[in-house]
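**Student:** pasting the structure only:
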């Protein structure tokens, strides 16, 4: 039986969406901890490598505080052309992102990192292609007014009002939300992580 089976699962993420997705799959982490890492991309860093570096950095930051746990971390980036779009900090940045994405296809990349004590990191990168409809000025204004895009990579949250702006998706929907469930569960199963028995779960 794998040694990691009895390790508590710690989600290294401040995102309530990732915790909700895990719960949707029947997994409730023992703890959720927000990692403190510098998320500034390096000069000319490729999006895939950036996402992987961030996921590993988040996992390692939490593993330093939880050395006897199984640490799951993820980093999601929205890429338009060769450009990594920011996590929109305000309405103006949401508007810039939406105008750039309007009528275009873009990629959503999520890197996963799973750390277990004494084991090599397990990683995956999942990519989903998303196409936005051509957005009118009113649609952009309405979405900005909702406040939903602030703090989100690429300035939108597909699980909310932005779903009406999406023309098509090719790939994992949960990946666009922030955690590709199929690949995440594959990593956890590969590490020997078992779902908690109902009798041991809280609530």
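**Tutor:** All right, it came through fine. Everything numeric here is computed off the predicted structure, so don't read it as measured data. Numbering: from 1, shown residues only.
**Student:** report the longest helix in this structure, please.
**Tutor:** As assigned by DSSP state H, the longest helix anywhere in the chain is helix 47-63.
**Student:** pLDDT on it, on average?
**Tutor:** Helix 47-63 carries an average pLDDT of 96.
**Student:** Who are the packing partners of that helix?
**Tutor:** Judged by 3 or more CB pairs under 8 Å, 6 or more residues apart in numbering; DSSP states H and E, helix 47-63 is in contact with strand 9-12, strand 70-80, strand 105-115, strand 122-132. For every residue, glycine as well, the C-beta is placed using N, CA and C.
**Student:** which residue is nearest the centroid of the chain?
**Tutor:** Centroid-nearest residue in the chain: residue 178, 3.0 Å away (criterion: CA atoms, centre = their mean).
**Student:** ok, that residue - contacts?
**Tutor:** Residue 178 is in contact with 15, 17-18, 21, 74, 76, 110, counting by CB atoms under 8 Å, 6 or more residues apart in numbering.
**Student:** Please list only the buried members of those.
**Tutor:** Using 16 or more other CB atoms under 10 Å as the burial test, the contacts of residue 178 include 15, 17-18, 21, 74, 76, 110 as buried.
**Student:** and the residue lying closest to residue 62 once chain neighbours are set aside, what does it touch?
**Tutor:** Once flanking residues are discounted, residue 62 sits nearest to residue 12: 3.8 Å by CB to CB, 6 or more residues apart in numbering. Residues in contact with residue 12 (CB under 8 Å, 6+ apart) are 33-35, 58-59, 61-63, 71-73.
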